[in-house]
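# Provided below for reference: sequence and predicted model.
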Amino acid sequence: MSRIAFRAAGVSVPGSGAQAEETVLLRPLTLELTEPRVAVIGANGSGKSTLLRLVNGLTRPTTGSVEVDGLDSVARARDVRRKVGFLFTDPLSQLVMPVVAEDVELSLRATVRDGRERRAAALRALGAVGIAHLADRSIYDISGGERQLAALASVLAAGQDILVADEPTTLLDLRNNALLQDTIHGLPQQVLYATHDLEFAARADRALVVDGGVVVFDGPAASAVEHYRSLALAGGGR
Ligand SMILES: Nc1ncnc2c1ncn2[C@@H]1O[C@H](COP(=O)(O)OP(=O)(O)OP(=O)(O)O)[C@@H](O)[C@H]1O
């Protein structure tokens, strides 16, 4: 399994206009993640995406550092991106080709040279998430949930060591939610995912609760869900 290490990694943004003080998005965080499935839960705006985006260098730490299998996310950004696939909440931020199968084929370009084999591999990847029948459809003419599954197929086709997924079930109906969860839980690679779906979070091997830019709980997923529920009921963790 891979190792994601946060070493006093924090993120702040400078103040602007009337607000001279900087805003802290994530307070310095030190922990190592080696478990196969790690969930991140917390209220809207608590800092979950910021934490996730640090892992593949989409966001740079303004203090401390983040390492993926010993590679610094800033100094070795390209190598880290090769290792870490990122699934965005909004699939349209991710899908770059106009047709579903073409997008998956693009992810396979580096590993499958032959065009026919690439097409066959793309169809298998789409089949694995239940949407092989959408292979030739425009990414604009499918539903939001179908797009989310297409984006998952594309990111998985790239075959990276780690998958970071930011609220991957948001657009999915019950059946596809279950399909996505089972797919993610069946993957050989390490997966770090943020979610508002507490049942999904509870399936992880470890979970972090983020509140106001601070990881306020780190431990077994079931306990993390309980912690988050009591935080929300107490008026925090909204
Ligand atoms: N570039 C930025 N400049 C200023 N504030 C930012 C910036 N990026 C994010 N924020 C703020 O940082 C906080 C944390 O954002 P983040 O996207 O990490 O939250 P989140 O927990 O993923 O939320 P959600 O559940 O709504 O997706 C939010 O209040 C957000 O508005």
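In hand now; what should we look at?

# find the centremost residue of the chain, please.
The centroid of the chain falls nearest to A165 when counting by Cα atoms, centre = their mean (1.7 Å).

# tell me how far that residue lies from the ligand.
Note on A165: its distance to the ligand, by Cβ to the nearest ligand atom, to the nearest Å, is 12 Å. For glycine as for every other residue, the C-beta is placed from the backbone atoms N, C-alpha and C.

# surely that residue touches A194?
Yes. Taking Cβ atoms under 8 Å as the definition, A165 is a contact partner of A194 at 7.4 Å.

# tell me the mean pLDDT for the helix or strand hosting S49?
According to DSSP states H and E, S49 maps onto helix 48-55. Averaged across helix 48-55, the pLDDT comes to 97.

# output the contacting helices and strands for it.
Contact here means 3 or more Cβ pairs under 8 Å, 6 or more residues apart in numbering; DSSP states H and E; on that basis helix 48-55 packs against strand 4-13, strand 23-33, strand 37-42, strand 63-68, strand 84-87, strand 162-166, strand 190-194, strand 206-211.

# need the ones you listed in CSV (columns: distance to L51).
Output for those, formatted as CSV (distance: least, Cβ to Cβ, whole Å):
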stretch, distance to L51
strand 4-13, 8
strand 23-33, 6
strand 37-42, 6
strand 63-68, 10
strand 84-87, 13
strand 162-166, 10
strand 190-194, 8
strand 206-211, 6
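
# just put those in CSV and tack on mean pLDDT.
Converted to CSV, the helices and strands packed on helix 48-55 look like this (pLDDT from 0 to 100):
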stretch, mean pLDDT
strand 4-13, 97
strand 23-33, 96
strand 37-42, 98
strand 63-68, 98
strand 84-87, 95
strand 162-166, 96
strand 190-194, 97
strand 206-211, 98
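
# which residues does G85 contact?
When contacts are counted by Cβ atoms under 8 Å, 6 or more residues apart in numbering, G85 touches N56, V155, L156, A158, Q160, I162, L163, V164.

# can you tell me how far it sits from V24?
Using Cβ to Cβ, to the nearest Å, we find G85 at a distance of 28 Å from V24.

# next one: E67
Using Cβ to Cβ, E67 is found at 22 Å from V24.

# what do you get for H133?
Using Cβ to Cβ, H133 is found at 47 Å from V24.

# out of those two, which sits in the more crowded spot?
The neighbour count for H133 versus V24, taken as other Cβ atoms under 10 Å, is higher for V24 (17 against 11).

# now the strand or helix carrying V225 and strand 206-211, what's the angle there?
Element membership of V225, judged by DSSP H and E, is helix 221-233. Angle between the axes of helix 221-233 and strand 206-211 is 10 degrees (criterion: axes from the mean of the first three to the mean of the last three Cα atoms, to 10 degrees).

# right, is helix 221-233 up against the ligand?
No. Helix 221-233 stays clear of the ligand (Cβ under 6 Å from any ligand atom), getting no nearer than 11.9 Å.

# quick one, the least confident helix or strand in the chain by mean pLDDT and strand 162-166 angle?
Here the helix or strand of the chain ranked lowest by mean pLDDT, DSSP states H and E is helix 174-186, holding a mean of 89. Per the same axes, to 10 degrees, the angle that helix 174-186 makes with strand 162-166 is 150 degrees.
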